[in-house]
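Okay, here's the prediction I keep looking at, along with the sequence it came from:
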Amino acid sequence: MSPPPLGPCPCPLWTGGASYLPVSSPGSRSRLPGPRPRSRPSPGPAPGLVPAAPGGGRRSSAQGQAAAGAAPPRTARGRAALRAAPAARCQGDAGASGGRGRGGVRAGMAAAAGGGAEEVAAAAAEGRVRAWAAAQAAGGRRVALVTSGGTQVPLEARAVRFLENFSSGRRGAASAERLVGAGYGVCFLHRARSAFPWARALPPPGPALLDALRLTPGPPPGVAADAAALPALLPALWGYRRATEAGALLALEFTGLTEYLALLRAAARALAPFGSNVMFYLAAAVSDFYIPASEMPEHKVQSSEGPLQITMEMVPKMLSPLVKEWAPEAFVISFKLETDPSILIEKSRKALEKYRHQVVVANILESRRTSVVIVTKDSQTPLSLSNEEIAQGMEIEEKIVSYLQAQHTAFIEKKF
């Protein structure tokens, strides 16, 4: 089937980038973006896709009021770009793998990396992942792409303020360790300064870390770790060394939402040739909302101008292009975090029906570290830690990875 024709209208999901949807989508008739606050070149659209205008998404009641004339007036600093709307809701430590799709934009929407540094970085990452995955396949290992940590959403073009979430990346890091132990090569796409596989054994920077280190006499003087203060350090070091010496761990780092989306697409394309042997373990806590570059003030928003009110657009859901276009034969796992147990399973099943991937790991905020439900199209399996297992220091990710490894095997053998 031939791709739809191209269109000329870039939508600034990120600076120098665009979000895309087929020409036939009603969203393409939405308003055009305003001028960009920064003088970066606008890229062309991706082959076969046409960019969506940023105003085609669903609006909150506050956004509707702003459109009707209730928005605060513009200032010289362009602060009118930040209008009344709900605060950004982001998934937590085990949240959804990507932002929700915007109303009026089809599920087939994809995000494409733009020109300049981001495009170069994504292209370089794609090459690294492809070469690394080929080595894993040659060694007889399956491959897992694990996404981990939260995304940062800037409020200004020259960003001083950001929207964040509470994700530490612990689930992704713990899962990566277990996947390597299960024989997978792991591409670890993680937020900068979030939890890292095996480094979790170290205390965070501060007095606890300094107290665990001691000086050794010279010459020359040195530093040694206190084994009693760091009981988990030795096995963690052994695990990390085994993984790196075998080439079983490849780390890619992101900070902002746009970096994450560009690297996810690049890595997915690199892994696509390896088919069903690839697992996507999408544990990153990705923001559901962002401010388009065309609506972002260039400079720091001044507190002297009064209370800050923000309008944010919906981030396109990345599951659909991942499953349908980027890596259609892969085994894909997303995560669903809720605070209301009564809607958790229903929303997980709706996600499976909408995006046609294989598994949702469903969890509740308060119990996410001890209990999850593995949801597939025809089953739901609760996994939990007993009090005895918790006392022994067992982590729920050990059970999650063990169960999903078996599911992946069945998928490869076409029994799933």
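Now that the structure is in, tell me what you want to look at.

does the residue lying farthest from the centre of the chain count as helix, strand or coil?
When each C-alpha in the chain is compared with the mean C-alpha position (Cα atoms, centre = their mean), residue 219 comes out farthest, at 47.2 Å. Using DSSP: H, G, I helix; E, B strand; the rest coil, the three-state assignment for residue 219 comes out as coil.

Likewise for residue 383?
Classification of residue 383 using three-state DSSP returns strand.

For the residue nearest the centre of the chain, which non-adjacent residue is closest in space?
Ranked by distance to the mean C-alpha position of the chain (Cα atoms, centre = their mean), the top residue is residue 284 at 3.9 Å. Nearest-residue entry for residue 284: residue 147, 3.6 Å, with adjacent residues in sequence omitted and distances by Cβ to Cβ, 6 or more residues apart in numbering. Where you see a C-beta, it was placed from the backbone N, CA and C, and this is true even at glycine.

what about the strands in the stretch 251-400 of the chain?
Taking DSSP state E, counting those that start in this stretch as the criterion, the stretch 251-400 of the chain contains strands spanning 278-282, 289-290, 313-314, 331-338, 359-364, 371-376, 379-384.

what are the pairing partners of the longest one, and which direction each?
Strand pairing for strand 331-338, using DSSP bridges, gives strand 278-282 (parallel), strand 359-364 (parallel).

same thing with the second one?
Applying DSSP bridges to the sheet, strand 289-290 is found paired with strand 313-314 (antiparallel).

and the partner strand, how far out from the chain's middle?
Taking the mean of its C-alpha atoms, strand 313-314 sits 16 Å from the chain's own mean (Cα atoms, centre = their mean, to the nearest Å).

sec struct for residue 189, please.
In three-state terms, and counting by three-state DSSP, residue 189 is strand.

Verify the stated contact: it with residue 263.
Yes - with contact defined as Cβ atoms under 8 Å, residue 189 and residue 263 form a contacting pair (5.9 Å).

neighbour count winner among the two?
Taking residue 189 and residue 263 together and counting by other Cβ atoms under 10 Å, residue 189 has the greater number of neighbours (28 against 23).

So what sits opposite that one in the bridge?
The bridge-partner assignment for residue 189, based on DSSP bridges, gives residue 147, residue 252.

Can you check the pLDDT for it?
Confidence per residue is given as pLDDT, and for residue 189 that number is 98.

who's in contact with it?
Contact partners of residue 189, counting by Cβ atoms under 8 Å, 6 or more residues apart in numbering, are 145-148, 252, 254, 260, 263-264, 267, 284.

That one and residue 144: what is the separation?
The span separating residue 189 from residue 144 equals 11 Å under the rule Cβ to Cβ, to the nearest Å.

ok now whichever helix in the chain runs longest, how far from the chain's centre?
With residue count as the measure and DSSP state H as the assignment, the chain has helix 116-138 as its longest helix. Using Cα atoms, centre = their mean, the mean C-alpha position of helix 116-138 is found 18 Å from that of the whole chain.

how much does that helix deviate in direction from strand 278-282?
Direction vectors for helix 116-138 and strand 278-282, defined by axes from the mean of the first three to the mean of the last three Cα atoms, to 10 degrees, enclose an angle of 130 degrees.

which residues of this protein score low on pLDDT?
Judged by pLDDT under 70, the chain has its weakly predicted residues at 1-116.

That one: helices as residue ranges?
Counting by DSSP H, the segments of the chain that form helices are 61-65, 116-138, 170-181, 207-211, 233-245, 257-271, 319-321, 341-355, 387-391, 396-412.

quick one: which of these is nearest residue 312?
The stretch from the helices of the chain with the least distance to residue 312 (Cβ to Cβ) is helix 61-65; that distance is 8.9 Å.
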